[in-house]
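> Pasted the sequence and its predicted model underneath.
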Amino acid sequence: MAYTKRFGKIGKMKSITFLALTVIMASHSMSMSAQSQTGTATITFQERKGETTISRHIYGHFSEHLGHCIYDGLWVGKDSEIPNIDGVRKDVFDALKQIRIPNLRWPGGCFADEYHWMDGIGQKRAKMVNTNWGYATEDNSFGTHEFLNMCEQLGTEPYVCGNVGSGTVEEMSKWVEYMNSPNESPMTELRKQNGREEPWKVTFFAVGNESYGCGGNFTAEDYATAYRRYQTFCRNYNRGYLKKVASGPSVPEDYHWTETIMSRIPADMMWGFSLHYYTIPGPWEHKGSATEFTRDDFFRTMAYALNIENAIVKQDSVMSIYDPEKKVAMVVDEWGTWFDVEPGTNPGFLFQQNTMRDALVAALTLNIFNNHADRVRMANLAQVVNVLQAVILTNGSRMVLTPTYHVFDMYKVHQDACLIPTTVETATITDGQWTLPQVNASASVDADGCMHLTIANLSPDKECQVNCPISSDYKRISQSQLLTAKNIADHNTFESPNNVHLSTFDKATLKKGALTFKMPAKSVVMIELK
Ligand code: AHR
């Protein structure tokens, strides 16, 4: 089934072909029993091998010059009456600190391939038209200094996306030099004149975005050639290894793009290879409302979201032909739900609400990333504030944390922990054509020896009795959290910001080597064992 994404008057087109919608289970993680009336699941943990670390960068976010993500979202400027830290909203800053945001991608997305970084430095900034996103005027008041200073204060690693589509090799090369070089040169002099003596430390750098489409409509062959050339001049500047990321395929089942990139670009030129995966549960023109949806819409959303595992497994198998040692990271640097914009808002600004359904998409996706952490070493939810599946929404001086935010808060325990491979035997849930696993899970052990288990119950109306045999190394439940809601479409609003909130989960017991608990319908649980 192929849908065409058309950006209305924005005039941008690309195709998304959805994967076949039978939910394909990766053999390592899950087997499904027949439809169960009781909603039971058994989760078993494999011997800890200590081989795979769940990179904290799986928990990354994405900020594009799009709608109100940057302006009024992250950035209000120093002179704003809204409390801010050097122009960055304080409420948003504090919220991002709380979830330990590990990296932030910027300035796009499609915007990146029209962005000329020199317009966004110095006292006098050139204006431009944001042709991808609503033809809004971009005044470039948020540029390299504002972004990198913000990342530094947040303690998050910047992930900068360079312009291949409409930029030159020289422009990209000088940007990296401006940001990272400690040496004396015209670029570093310019940086100093603009108020920054020491270089920043940009670690992650993408050589273009969606280069098959909005990033320049390259063929795979032409992009591979361009990539090799552009990346050559993105130097390391004594600041450690610059992790360069190549643009990925247009659809998850485009294996030709992957084969071409993997066969033509050696691993020492490419730290990572990008994959974009959006959950869009309807045709492009009618993706569906974020808050008003049927049971069928709900099941379709879960089915599409679960299929990211199929995309990862298949893309990984192609990557592994050329890179069996998994040196090249899969970087899922855009993922999340994409619904119709909220009624009355600018269609080019992609502002959507966020319900308990989105929280389940986030939980199951992060579990899948964790379980494939040997290849998936970075990911970025699209997008951090006010755009698509945002963790934060703002309106004037008000801010609200979405249900998806709370999932990132619960799951931060997995950052840089050691993956514990799990086997999930679960009841299925059924609606019309959809048959899905009721439960999805992942587990890890952190540096202090604490084990963390995160589980999503995808049923909108059925509890699930979960049983987990536990090694005698763990003696007690030291922490447990629950995210659920009365209705699957419940969400937080500026008037009612705590409709969907985290609470303590007191239903789990650890006795005689078995962890048991009953999960409410449509819920996410995090359990810590010591
Ligand atoms: O996240 C919104 C857009 O989706 C990005 O700009 C682009 O890369 C993708 O098509």
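Great, that's in hand.

> Could you grab the helix/strand/coil label for the closest residue to Ser55 other than its chain neighbours?
Sequence neighbours aside, Arg377 is the residue nearest to Ser55 in space, at 4.5 Å (criterion: CB to CB, 6 or more residues apart in numbering). For glycine as for every other residue, the C-beta is placed from the backbone atoms N, C-alpha and C. With DSSP: H, G, I helix; E, B strand; the rest coil as the basis, Arg377 sits in strand.

> What is the neighbour count of Arg377?
24 (other CB atoms under 10 Å).

> mind starting the numbering at 51 from now?
Okay, residue one is now 51; in that scheme the one you just asked about reads as Arg427.

> List the contacts of it.
Taking CB atoms under 8 Å, 6 or more residues apart in numbering as the definition of contact, the neighbours of Arg427 are 105, 107-108, 322, 379-381.

> For those residues, pick the one with the most neighbours.
Neighbour counts for these peak at Val381, which has 28 neighbours (criterion: other CB under 10 Å).

> what packs against the host helix or strand of that one?
In this assignment (DSSP states H and E), Val381 forms part of strand 379-387. Taking 3 or more CB pairs under 8 Å, 6 or more residues apart in numbering; DSSP states H and E as contact, the helices and strands that strand 379-387 lies on are strand 110-112, strand 322-329, helix 358-372, helix 406-421, strand 426-432.

> Of these, which is nearest the ligand?
Comparing the helices and strands packed on strand 379-387 by their distance to the ligand (CB to the nearest ligand atom), the top pick is strand 426-432, with 4.2 Å.

> immediately after that closest one, which helix or strand?
Moving toward the C-terminus from strand 426-432, the first helix or strand encountered (DSSP H and E) is strand 442-445.

> Could you check that next one and say which residues are buried?
442-444 (16 or more other CB atoms under 10 Å).

> Equivalent analysis for stretch 160-169, please.
For stretch 160-169, burial by neighbour count (16+ other CB under 10 Å) applies to 160-165, 167-169.

> residue in the chain nearest to the ligand?
When scored by CB to the nearest ligand atom, the chain has Gly159 as its residue closest to the ligand, at 2.6 Å.

> Torsion angles phi and psi at the residue lying closest to that residue once chain neighbours are set aside?
Nearest residue to Gly159, sequence neighbours excluded (CB to CB, 6+ apart): Glu114, at 3.8 Å. Main-chain torsions, Glu114, degrees, to the nearest 10: phi -110, psi 150.

> Glu114 touches Pro157, doesn't it?
Yes: using CB atoms under 8 Å, Glu114 is in contact with Pro157, at 6.5 Å.

> sorry, back to before: what sits against the residue nearest to Gly159?
Neighbouring residues of Glu114 by CB under 8 Å, 6+ apart: 120, 156-162, 183, 432-433, 437.

> I'd like to know which of those are buried.
Of all the contacts of Glu114 considered here, the ones buried according to neighbour count by 16+ other CB under 10 Å are 120, 156-162, 183, 432-433, 437.

> Can you check the pLDDT for the residue nearest to Ser105?
Here the pLDDT value assigned to Arg427 is 98.

> From Tyr277, how far out is it?
Separation of Arg427 from Tyr277 (CB to CB, to the nearest Å) stands at 19 Å.

> what does Asp556 give?
For Asp556 relative to Tyr277 (CB to CB), the value is 52 Å.

> Point out the most buried one among the helices and strands packed on strand 379-387.
Burial of the helices and strands packed on strand 379-387 is given as mean neighbour count (mean count of other CB atoms under 10 Å); helix 406-421 ranks first at a mean of 28.

> In this protein, what helix or strand scores lowest on average pLDDT?
Among the secondary structure pieces of the chain, namely its helices and strands, strand 52-56 has the lowest mean (mean pLDDT, DSSP states H and E), a mean of 29.

> re earlier: between Asp556 and Tyr277, which has more neighbouring residues?
Tyr277 (24 against 10).

> what's the offset of the strand or helix carrying the more buried one from the middle of its chain?
Secondary structure here is read from DSSP H and E; on that basis Tyr277 sits in helix 270-282. A distance of 25 Å separates the centroid of the chain from that of helix 270-282, by CA atoms, centre = their mean, to the nearest Å.

> Given whichever helix or strand comes after it, what are its sheet partners and their directions?
Sequence-wise, the next helix or strand beyond helix 270-282 is strand 293-296, with elements assigned using DSSP H and E. If you go by DSSP bridges, strand 293-296 pairs up with strand 254-257 (parallel), strand 322-329 (parallel).

> okay, Asp523: pLDDT?
On pLDDT, Asp523 comes in at 89.

> what do you get for the one 3 residues further on?
Among the per-residue scores, Arg526 holds a pLDDT of 96.

> cool, and the one 4 residues further on?
Looking at Ser530, its pLDDT stands at 97.

> Just to be sure, which of the buried ones among the contacts of Glu114 are found in strands?
Under the assignment DSSP state E, the buried ones among the contacts of Glu114 contribute 156, 432 to strands.

> Output the buried ones among the contacts of Glu114 as JSON lines; include the columns pLDDT.
Formatted as JSON lines, the buried ones among the contacts of Glu114 follow (pLDDT from 0 to 100):
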{"residue": "Ile120", "pLDDT": "98"}
{"residue": "Trp156", "pLDDT": "98"}
{"residue": "Pro157", "pLDDT": "98"}
{"residue": "Gly158", "pLDDT": "97"}
{"residue": "Gly159", "pLDDT": "97"}
{"residue": "Cys160", "pLDDT": "98"}
{"residue": "Phe161", "pLDDT": "98"}
{"residue": "Ala162", "pLDDT": "98"}
{"residue": "Trp183", "pLDDT": "97"}
{"residue": "Ala432", "pLDDT": "98"}
{"residue": "Gln433", "pLDDT": "97"}
{"residue": "Val437", "pLDDT": "98"}
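
> Relative to Cys468, which of the buried ones among the contacts of Glu114 is nearest.
Nearest to Cys468 among these is Ala432, at 27.9 Å by CB to CB.

> Residue numbers of the stretch 151-300 of the chain in contact with the ligand?
For the stretch 151-300 of the chain, the residues in contact with the ligand under the definition CB under 6 Å from any ligand atom are 158-160, 259-260.

> And the furthest pair within the residues you listed?
By the measure CB to CB, Gly158 and Glu260 form the most distant pair in these, at 9.1 Å.

> so what's Ile470 closest to, chain neighbours aside?
Of all residues beyond its chain neighbours, the one nearest Ile470 is Ala493 (4.2 Å), with distances taken as CB to CB, 6+ apart.

> Check which helices and strands the helix or strand where the one you found lies sits against.
Using DSSP H and E, Ala493 falls within strand 489-495. Secondary-structure packing of strand 489-495 (3+ CB pairs under 8 Å, 6+ apart): strand 90-95, helix 406-421, strand 468-470, strand 472-476, strand 501-507.

> quick one: contacts of the third one?
When contacts are taken as CB under 8 Å, 6+ apart, the neighbours of strand 468-470 outside the stretch itself are 95-96, 98, 100-104, 420-421, 423-424, 492-496, 501.

> do the strand holding Val381 and the ligand meet?
Yes: against the ligand, strand 379-387 shows contacts by CB under 6 Å from any ligand atom at Glu384.

> residue ranges of the helices in the stretch 151-300 of the chain, please?
Counting by DSSP state H, counting those that start in this stretch, the stretch 151-300 of the chain forms helices over residues 194-204, 219-230, 236-243, 270-282, given from the N-terminal end onward.

> got a list of what Met237 touches?
By CB under 8 Å, 6+ apart, the residues touching Met237 are 224, 227-228, 231.

> Which one (most neighbours) among these?
Within those, Tyr228 tops the neighbour count with 25 neighbours, counted by other CB under 10 Å.

> got a pLDDT number for that one?
For Tyr228, the model assigns a pLDDT of 98.

> Pipe the strands paired with strand 293-296 into TSV and attach mean pLDDT per row.
Shown next, in TSV, are the strands paired with strand 293-296 (pLDDT from 0 to 100):
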stretch	mean pLDDT
strand 254-257	98
strand 322-329	98
